[in-house]
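Student: just a sequence and a predicted model for now, questions to come.
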Amino acid sequence: MTTRPTNKELQRAINKAAFFTVVYPGAEPFLPDFFRSLEKQSHAEFDLIIGNDGLQDLDLGSYDLNARIVDLDGTPAEIRESGLRFLRSQGYEQVIFGDCDDFFSSNRVEVSLRLLQECEVVVNELDLVDEEGALLQSGYLARRLDEGAVIAADLIGDKNIFGLSNTAVRGSCLQGREIPANLVAVDWFLFASLLEGGAKAIFTSSTKTFYRQHGANTAGLAGNDPRKAIQAVRVKALHYEALAEAGLESYRGAAAAFKSLRQRLLDDDTFRAQYLSFLESRTMEFPFWWECALLPEECT
C-alpha cells in the first residue's frame, strides 16, 4: 500500500473526519457527480481518502477537495480491509463512507458528524437513481424505517441496510476489525459485527445517498429479479460463516443451512427451478439488500 498526495495541499492536521471511497477502472463516468457532490458539502472540514484499485490517471486537479490517494490491490474485501487499516493508522475520529458511483446531499458530512456525537453508527436514507443520475425512487429506506430509529442487531440478521455508501462511524469502532478476504458483503459483516458488539446505530432521512442502479452493482435495490437470489444465497453463506468464525456462534447454524442450500441449487436443476419460481411469485415491497434469499422452509 502506497500513498500519494494530490496536487491540492493537504490540511490533515486540522481535520478529524475522513470521507472514504474506493475507485476502480470503469467508474470514470460517475466520478464527476461524486466529486462535485463532495465539493458542495455544507461542512468542508474533512479529508477525502481515495483507495485506488488500479484506476490510471486519476486527476482531482479541477476539484477543490482536500484529498489523499492510497494505492490498494487485492480482492474487494482485501482492498476495504487495507483502507480501514489506513484510516485507523491516521487516527481519524469520524469516518464517512461513500461509493464512487454514487453522489450525496450537500449536508451528508454535516449531518453524519452531528449524529455521531450521539451514537457510534449512522445509516442514512437512499434515493435510487438510474445510470444517468435520474431519480427512480425517493426515500427508499424510510418506507420501512422511522426517522431516528435505533437499529438493533436482529433487524439485520437476515438482510442489510448498511452500505459503504450510506454510513458513518466513529473511528474507534474500526479498531480491531478484520475483514475476511473472500467476503462479498463487507459492509454487512462490518456493521453486523459492530451492532452485535453493542454499538448504537441510528437511521436518518435528513440526508441522502443517491444510490445508482446499474449493471455493475454488486447488490442493487431496484427491480425484483429472483435470479439475484442465487448470488444472495452465496453471500449469506459467506456472511454467516464469517460472523461465526469471528466468535458469534449463534450464526453457525445459518452458515451451514445457506451453504447446504447453495450446493443444492447448484446440483439440482429441478429444485433450482422450483425455488426461483417461488421467489418470482413472491411479492416483497422495498426489500433490503440480500433479503430475497430464503431457506426452503421459509418458502411457504
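Tutor: Good, I have the coordinates.
Student: now the helices for the stretch 101-250 of the chain?
Tutor: Along the stretch 101-250 of the chain, the segments classed as helices by DSSP state H, counting those that start in this stretch run 108-115, 186-196, 228-245.
Student: with just CA atoms, put whichever helix or strand comes after the last one into PDB.
Tutor: On the C-terminal side of helix 228-245, the closest following helix or strand by DSSP states H and E is helix 252-267. Output in PDB follows, covering the C-alpha atoms of helix 252-267 (Å, rounded to 0.1, in the frame of the first residue of the first chain):
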ATOM      1  CA  ARG A 252     -23.200 -21.100  12.900                       C
ATOM      2  CA  GLY A 253     -26.500 -22.800  12.000                       C
ATOM      3  CA  ALA A 254     -27.400 -20.200   9.400                       C
ATOM      4  CA  ALA A 255     -24.000 -20.600   7.800                       C
ATOM      5  CA  ALA A 256     -24.500 -24.400   7.400                       C
ATOM      6  CA  ALA A 257     -28.000 -24.000   6.200                       C
ATOM      7  CA  PHE A 258     -27.200 -21.500   3.500                       C
ATOM      8  CA  LYS A 259     -24.100 -23.400   2.500                       C
ATOM      9  CA  SER A 260     -26.200 -26.500   2.000                       C
ATOM     10  CA  LEU A 261     -28.900 -24.500   0.100                       C
ATOM     11  CA  ARG A 262     -26.300 -23.100  -2.300                       C
ATOM     12  CA  GLN A 263     -24.900 -26.600  -3.100                       C
ATOM     13  CA  ARG A 264     -28.400 -27.900  -3.700                       C
ATOM     14  CA  LEU A 265     -29.200 -25.000  -6.100                       C
ATOM     15  CA  LEU A 266     -26.000 -25.800  -8.000                       C
ATOM     16  CA  ASP A 267     -26.600 -29.600  -8.100                       C
END
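Student: got the buried residues for helix 252-267?
Tutor: 254-255, 257-259, 261-262, 265 (16 or more other C-beta atoms under 10 Å). C-beta: built from backbone N, CA, C; applies to glycine.
Student: hey, which of the helices of the stretch 101-250 of the chain is tucked in deepest?
Tutor: helix 186-196 (a mean of 23; mean count of other C-beta atoms under 10 Å).
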